Structures are given as structure tokens and as C-alpha cells.
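Asker: Got a sequence here, can you build the structure:
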Amino acid sequence: MPNTQHITPANGDVLVLVGTMKGAFVFHSSERGEWQMGGPYFPGSAVYAIGYDGRAGRRRLWAGAHSMHWGAMLHSSDDFGRNWTNPESATVKFPEGTGAALTQIWQVIPGRDFEPDVLYAGVEPAALFVSRDAGETWSLDENLWNHPQRERWVPGGGGLCLHTILPDPADAKRIRIAVSTAGMYVTEDGGASWRPSNDGVRADFLPDKHPEFGQCVHKVAQSKTRPERMFLQNHWGLYRSDDRGEKWVDVANGVPSDFGFPIGIHPQDPDTAWIVPLEADAFRCTPEGKLRVYRTRDAGASWDAMTNGLPQKDAYETVLRDALAVDSLAPAGVYFGTRSGKLFASNDEGESWTSLADGLPPIVAVKTAIVS
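Answerer: Modelled structure (predicted):
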């Protein structure tokens, strides 16, 4: 077994949580200058879902680790990784009668601040689970699971996965989710009913380029200060919504490709977002071998390449859907990881970049948090 390092963050420290194909790592810094790393945790297991819950006095890490022997299990730690829960049986699991078995946990996120014991998990096969007791028990949202359109959902390249969960920060009953390749769905009654919400998003691979559902949505980001503003990175297409995702407009203005996976939005400024374009579906690497993060300051009317500190020659990198994150400080910090195991950070909103790690296993998830 590898030698595991541990960290001891203090109040106000920035956490960067990294899930890889061979375990999880936790970075922390007090000034976003010098960083310390903890891990690997769950060595040998794929960790697609990782997160932090700082509500109600907790300092809890969550990780969805997939073991070749034990399958997908959800674990938590209250001491930044020194000790993890190890349930005897899976807490996130499909009820008998559904005929389904859990393949992968793709997302675990805390609910809103005013519901401190609520958590959400998105899994494969595509389903939403909810916990209302801080993660002790989980229940399947059966109304989404039994949606009449579900039988026509088709798996994407990564499987039929529910990878994005957006509890509306201003409406306790509104949640949007994204499924590859079903598109986006929304509930406005706390999960009692769900409807597709993909107006304007193309599906170039289907005979009908603008179907009601069936889009291959890669990632969606929602503004916390202006919830009606959202950005969406599609299989082909880059979009903005100004009405909480009811209608989408194309904002692929001046980017080298509108194909990509991750998208992040500024914690205060709803006009600012970041993406990492890839060449094409058939060649999922950075265009021209240049690792460039593109930033918009004007809600997608234009995008500028952020390259200072990033390799601009023979850098055929891939950044996956959950491998870019933005912290909540001012100026905002931006972080992303690549499938070649490189982890980059910017403490000035993308103007310049530094390397936090080079040589990690393939990075599939990057999340940030501030220690409370």
C-alpha cells in the first residue's frame, strides 16, 4: 500500500479536492501560495465524486470510491482524510424491485445552507438519491427514476450517468439535473415531477437537431448570486441561459472549438465563466496542442485565452467534465486537472497559472471549499 500523507487545515484555508482513477487527494493552503497534499485515499479505486460539507459545524469530506472488488461505496471523513467511514454495505443503493444495480457514484453535493442535513448524489445508471439526515441514509427519487422518457435515454461515452445536480439557491423546491445523454431535467415541486429543459440546445448526432430531450449535456454551472444565469457545455455547443435554463442561446463566440467538458462560473460575477475547449469528439485533446483556459467577462459575448503559466507546445491534454472548479474568494481561484495527472491553479481568475501537482493518476474530479 502507498504511504499516505495527511493534512491539518485551519479555518479559512482553501481546500482543493481531487478525485482520480486511482484514489483521492486533498490539497490545502492558507494563502493560495504554498500548498500541502494529503493522500492518496482509497488507493487503486476510481473516485469520480468528491465534496466537502461545512454546514452545521461539520468539516466533512465525502468520496464515492469504486473498487473492483466491492463496487461503488460512499465514504465520509470528519478529520480531512485521516479516518474514513467504511460501511459494511452500500448506503446508496437501488431498492429491490427496480432491477438496477449501482455502477458508479458521479456526484455528491450538499444541499442549500438552510437545509443543513440534506445531501444529493447522482449515480449511474442515471438516478438521483437524496439524504435528509446528513448522509446516514439515502433514498431514490422514484419520480425521476420512473419518468416516462427514461426508457429512451441512451448512454453516452461515459455511461448513462447523472453528473450534475443544481439545487436552486433561491427556491427550495427547484432542482435541475443533467444526464448523459438525456439532457437537462427540472423539478419545481421538490422531486414530485420532472420535465425536460433543453430548449435551444442542439443534438447534432440525432436526426432531429433540437429534440425535447436526448442532448449530450457535459456540464452546467449556475450563478449563486443571480440564479437565472447559467452556462452549459454540450457535446457540441456552448450555451448561456438567462431564465434558469428554460431557454438556451449559443455563446461559442471566438473559441477554437465548442466541444468540451467542464465549465465554471464566478462566485460573485454572473457574467464571468471559464471553459477548456477540446479539438473534437474524435480527438478529445486541446486544440493545436496548446493548454488554454478560455474566460468570458461579458456572459459569452467574447472569450479570451488564459495561457500564462500553461504549456503551449505539444500539450495534448484532456480536461473532463468535473475536473474544473472555482473557489469563493476574491479574486476567485480557478483549478483544473488533466487526464495525464497534472493539476493547475490560478489565484487571479485565470490571469496566471501554477502547477500544484504533476504525476497524479488521471484526474476525473476537482472541487474546492473554504474550511469553516
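
Asker: can you pull out the strands in the stretch 151-300 of the chain?
Answerer: Using DSSP state E, counting those that start in this stretch, the strands assigned to the stretch 151-300 of the chain run over residues 161-167, 175-180, 183-187, 195-196, 217-222, 230-234, 238-241, 249-250, 259-265, 273-278, 293-296.

Asker: Likewise for the stretch 1-150 of the chain?
Answerer: Listed in chain order, the strands of the stretch 1-150 of the chain (DSSP E, counting those that start in this stretch) span 14-20, 23-29, 36-41, 46-53, 60-67, 71-77, 104-110, 119-124, 127-131, 139-140.

Asker: name the helices or strands packed onto the last one?
Answerer: So that's strand 139-140. strand 127-131 (3 or more C-beta pairs under 8 Å, 6 or more residues apart in numbering; DSSP states H and E). All C-beta spots, glycine's among them, are computed from the backbone N, C-alpha and C.

Asker: ok so, going back, for the strands of the stretch 151-300 of the chain, which one sits closest to residue 148?
Answerer: strand 195-196 (10.8 Å; C-beta to C-beta).

Asker: could you redo the strands of the stretch 151-300 of the chain as CSV and give each row mean pLDDT and mean neighbour count?
Answerer: Shown next, in CSV, are these (pLDDT from 0 to 100; neighbours: other C-beta atoms under 10 Å):
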stretch, mean pLDDT, mean neighbour count
strand 161-167, 98, 24
strand 175-180, 97, 26
strand 183-187, 98, 22
strand 195-196, 98, 15
strand 217-222, 98, 24
strand 230-234, 98, 26
strand 238-241, 98, 24
strand 249-250, 98, 14
strand 259-265, 98, 25
strand 273-278, 98, 25
strand 293-296, 98, 23
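
Asker: Let me know which of the strands of the stretch 1-150 of the chain is the nearest to residue 326.
Answerer: Here strand 14-20 is closest among the strands of the stretch 1-150 of the chain (C-beta to C-beta), at 11.0 Å.

Asker: on that earlier part again, for residue 284, which of the strands of the stretch 151-300 of the chain is the nearest?
Answerer: strand 273-278 (5.0 Å).

Asker: so what strands line up beside that closest one?
Answerer: strand 259-265 (antiparallel), strand 293-296 (antiparallel) (DSSP bridges).

Asker: For the following helix or strand past the last one, report the contacting residues that lie outside it.
Answerer: The one in question is strand 293-296. Going down the chain from strand 293-296, the next helix or strand is strand 304-306, by DSSP states H and E. With contacts defined as C-beta atoms under 8 Å, 6 or more residues apart in numbering, strand 304-306 is touched by 274, 292-297, 346, 350-351, 353.

Asker: Repeat that for stretch 186-205.
Answerer: In contact with stretch 186-205 (C-beta under 8 Å, 6+ apart) are residues 128, 130, 141, 143-144, 147, 149, 171-177, 182-185, 209-217, 232, 234-237, 239, 244-250.

Asker: for it, the distance to its chain's centre please.
Answerer: 18 Å (C-alpha atoms, centre = their mean, to the nearest Å).

Asker: for stretch 106-119, same thing?
Answerer: Put simply, stretch 106-119 sits 14 Å off its chain's centre (C-alpha atoms, centre = their mean).

Asker: ok, now which ones touch residue 311?
Answerer: So residue 311 contacts 290-291 (C-beta under 8 Å, 6+ apart).

Asker: what's the pLDDT at it?
Answerer: For residue 311, the pLDDT comes out at 98.

Asker: Residue 70 too?
Answerer: 79.

Asker: Could you check how far it is from residue 26?
Answerer: 22 Å (C-beta to C-beta, to the nearest Å).

Asker: Please apply the same query to residue 314.
Answerer: 31 Å.

Asker: With that, I have no additional questions.
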